[in-house]
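Student: Quick one: sequence plus predicted model below, questions after.
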2 protein chains.
Amino acid sequence: MAGGSRQSRERATIIDVAAAAGVSRQTVSNVLNNPDRVAADTLTRVHREIDRLGFSPNAAAQQLRRRKASAYGFEVNPSGVGRMGHILDGFLVELTVAAPGHSCHLVTFAPDLANLLDGYDQILATGLVDGFVLGDTRHGDPRPAWLLANNVPFVTFGRIWDDPQMGRWVDVDGRSGMELAVEHLLAQGYTSVAYLGWPDGSPVGDDRRRGWLAGLAGAGLTRAPLAEEAAQDLTAATAAAERLLEHLAPGGAILCASDLLALGALRAVRNHGLEPGEDIGVVGFDDSDVAEALQLTSLRQPLQEAAAEAWRIVQAPGTDLSLTALLAPTLTVRSSTVRSSTGRGTPNPTTTPTPTPSATRPDGIPIPEEQ
Amino acid sequence: MAGGSRQSRERATIIDVAAAAGVSRQTVSNVLNNPDRVAADTLTRVHREIDRLGFSPNAAAQQLRRRKASAYGFEVNPSGVGRMGHILDGFLVELTVAAPGHSCHLVTFAPDLANLLDGYDQILATGLVDGFVLGDTRHGDPRPAWLLANNVPFVTFGRIWDDPQMGRWVDVDGRSGMELAVEHLLAQGYTSVAYLGWPDGSPVGDDRRRGWLAGLAGAGLTRAPLAEEAAQDLTAATAAAERLLEHLAPGGAILCASDLLALGALRAVRNHGLEPGEDIGVVGFDDSDVAEALQLTSLRQPLQEAAAEAWRIVQAPGTDLSLTALLAPTLTVRSSTVRSSTGRGTPNPTTTPTPTPSATRPDGIPIPEEQ
DNA sequence: CTGAAAGCGCTTACAG
DNA sequence: CTGAAAGCGCTTACAG
């Protein structure tokens, strides 16, 4: 009445259920948490009242009593420059989808980057979360060691390249993905596979480059591999791809370390009067929106599996450093690696099933009610 | 000892602080929640102990006692097909950044879309959240009416076009954005502004189209406006832009309802042997990664302001339907609307300050430690 | 198999 | 201005 808002109905508590079922409230609690200790008929009777009253245990009361939030923090930050694909947004979605299956939920937070660990300590101090899912790892990242030292459960998405001893990560095997892509390109009839990657020194990039070389070696193509480098920037990528095309004849392909680099490759191919797919195969990495829009074949990270593994690891008791999961990416094949003269009708059994053209390239889809 | 993990240090409670400061625990509580009721010297003494012990009130205990979670649910879903830009991911980030300033936090959840309201009711029933921030609105969306009927605080990002009476929204004024873009294009020296939009019937698209027409009218250009339509699909957009170019001479510009449509326009321009910016101006909407990568001028939604307004509205007491916020987008100017012959050195005062070329187009940025 | 007791950590009126 | 009392809704040993 006094100006405040009022919930339309008060939620039933465990007391209400107990009274309705004619038992004590700890029996209701046992029905929920230790059903094996409760007699069969009591169980059904209590369950009936729970359903009838629409009872759900109050989360705050459970958290307080159990001394456990069953919640994990996820750090979000504005997207970095040139960081196409926003793979972490997809990871966050999959974590959220899988959370109820692990009886927990996700709380987002944005720590002050100048006092990063303070932000972690702060949210931990309130008991709002029990641990953290780290969406990425940085060079010299202080978080894993700090969390470990403080006995805080965590898991990272991305290996901690700095410290091979450090476990508790989920990652995608860029190297095997690149091998898969090389196999695909050769099966499609491309005669050679050049590489467009980042400059040496990036662990992720170096790993992908090794995958490309391993793929070539697997096919016996060890002679004079062709490669160029560019930073994660479209202009630089286009220029680097132009340099590749001085040595790469039609019928060849360019394997790229990212979708943005692949976008540069597509541009360079067109600038040379060639057709992507038909004349020069192009493969990107991350299967971003851009890849979909441009019909670019791209390696896709298995985010759903990654989320499942992340929950498994972060919820594992103790701080076992041997917990890791290395997942293989799949290849989403689009027209940038299809040669109408040779590619059609010869599906490559090692690749992901190719979606039908109408699925990857829907003409006339309904207009989204976007912002 | 018994196989379980153990926090390295037990967190201090209000009791510890009270004992250390030589007061009762309710005085400590008053120091935090009603400092005006506490004597000045007591205040400093208690604060000193709070800092020394690193005390933070336990969130679960507060939630239980206050009967309020100070948390809001945010529904996440896998991105739709063709939905470039992921504007909601940016909105989620800004909400998270602003949350502590509003003494609350965000919990993500992914309801079963087949029983959407059940998912909302479920998370509400546990008391985990007090209300919801809806990231989008759909046609015939059942959520606003349901939330209203159940006295649940909420705010939507996007007007509820179906029901003009329905308030509690934050939205971006696409119409004024389009007017701004037309002004910019004319100031840059383009002689005419054609439109590439979605088919009639989408409220958001229709609003943007009206903005384009209003912009033309404002400049006295009411004769035979040139427009084409395409669904949110690159192939269709390119074809539609090709049709525009049959009637649009160099020196003209194409204003697009989305970055994806603008991508089609860029392609069509190049297919005609023309240079975007130099020969034909192109403007997109949403300032997505793609816009940045392709040097596309684009309208940008003010997500930070939107998040601030969303918190204001969702936390307002009661369910006042008059709470709304319509925000003006800004224009991020890139080379797709720069004519080297005329545009240089004549900045348009109505547009957003143009970032320096080196800021929008960084050559040699560090390689991100991406997944 | 079931219930009485204790308590998680805090806040809210309300005496003094 | 400060403190004793009550209680938010649940779970966890532990008697019976």
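Tutor: Happy to help now that I have it.
Student: For A:Ser56, which non-adjacent residue is closest in space?
Tutor: Setting aside the residues directly before and after it, A:Ser56 is nearest to B:Ala125 in space (CB to CB, 6 or more residues apart in numbering or on different chains), at 3.8 Å. C-beta coordinates here come from the backbone N, C-alpha and C atoms, glycine included.
Student: do the same with A:Ala181
Tutor: Using CB to CB, 6+ apart, the closest residue to A:Ala181 is A:Val283 (4.8 Å).
Student: Outside of the helix or strand where the one you found lies itself, which residues are in contact with it?
Tutor: Mapping A:Val283 onto the secondary structure by DSSP states H and E places it in strand A:281-285. For strand A:281-285, contacts defined as CB atoms under 8 Å, 6 or more residues apart in numbering or on different chains pick out A:174, A:177, A:181, A:184-185, A:188, A:190, A:193, A:208, A:252-263, A:265-266, A:269, A:276, A:291, A:296-299, A:329, A:331, A:336-337, A:339.
Student: Now for A:Asp207: which residues touch it?
Tutor: Listed by CB under 8 Å, 6+ apart, the contact partners of A:Asp207 are A:Gly174, A:Arg175.
Student: can I assume it sits in a helix?
Tutor: Yes. Secondary structure assignment (DSSP: H, G, I helix; E, B strand; the rest coil) places A:Asp207 inside a helix.
Student: Let me know the pLDDT of it.
Tutor: Model confidence at A:Asp207, expressed as pLDDT, equals 95.
Student: now do the one 10 residues further on
Tutor: At A:Ala217 the predicted local confidence, pLDDT, stands at 96.
Student: Let me know the secondary structure of it.
Tutor: Strictly by three-state DSSP, A:Ala217 counts as helix.
Student: how close does it sit to A:Leu321?
Tutor: According to CB to CB, to the nearest Å, A:Ala217 stands 32 Å off from A:Leu321.
Student: what's the answer for A:Asp112, then?
Tutor: 28 Å.
Student: Same question for A:Leu116.
Tutor: A:Leu116 sits 22 Å away from A:Leu321 when distances are taken as CB to CB.
Student: Whichever strand or helix holds A:Glu179: which residues count as buried?
Tutor: When elements are assigned from DSSP H and E, A:Glu179 belongs to helix A:174-187. Within helix A:174-187, the residues scored as buried using 16 or more other CB atoms under 10 Å in any protein chain shown are A:174-187.
Student: Over to stretch A:306-313?
Tutor: By neighbour count on 16+ other CB under 10 Å, the buried set for stretch A:306-313 is A:Ala306, A:Ala307, A:Ala308, A:Glu309, A:Ala310, A:Trp311, A:Ile313.
Student: Which ones among those map onto helices?
Tutor: Restricting the buried residues of stretch A:306-313 to those inside helices, with DSSP state H as the criterion, leaves A:Ala306, A:Ala307, A:Ala308, A:Glu309, A:Ala310, A:Trp311, A:Ile313.
Student: show me where chain A has strands.
Tutor: Counting by DSSP state E, chain A has strands at residues A:71-75, A:105-109, A:131-134, A:154-157, A:169-172, A:192-197, A:227-229, A:252-256, A:281-285, A:297-300, A:324-327, A:330-332.
Student: so how far is the last one from its chain's centroid?
Tutor: By that I understand strand A:330-332. Using CA atoms, centre = their mean, to the nearest Å, the mean C-alpha position of strand A:330-332 is found 14 Å from that of the whole chain.
Student: go on, stretch A:231-246?
Tutor: Between the centre of stretch A:231-246 and the centre of its host chain there is 27 Å, according to CA atoms, centre = their mean.
Student: same question, stretch A:307-325
Tutor: 16 Å.
Student: who's in contact with it?
Tutor: A:72, A:91, A:94-95, A:97-99, A:101-102, A:104, A:131-133, A:148, A:151, A:153-155, A:157, A:159, A:165-171, A:306, A:327, B:3-5.
Student: Please repeat the previous calculation with a cut-off of 7 Å.
Tutor: Contact with stretch A:307-325 is made by A:72, A:91, A:94-95, A:98, A:102, A:131, A:133, A:148, A:151, A:153-155, A:157, A:165-170, B:3-5, as judged by CB atoms under 7 Å, 6 or more residues apart in numbering or on different chains.
Student: Enumerate every residue touching A:Met291.
Tutor: Actually, residue A:291 is Ala. It isn't Met. If a contact means CB under 7 Å, 6+ apart, then A:Ala291 has A:Asp259, A:Gly284, A:Ser298 as its contacts.
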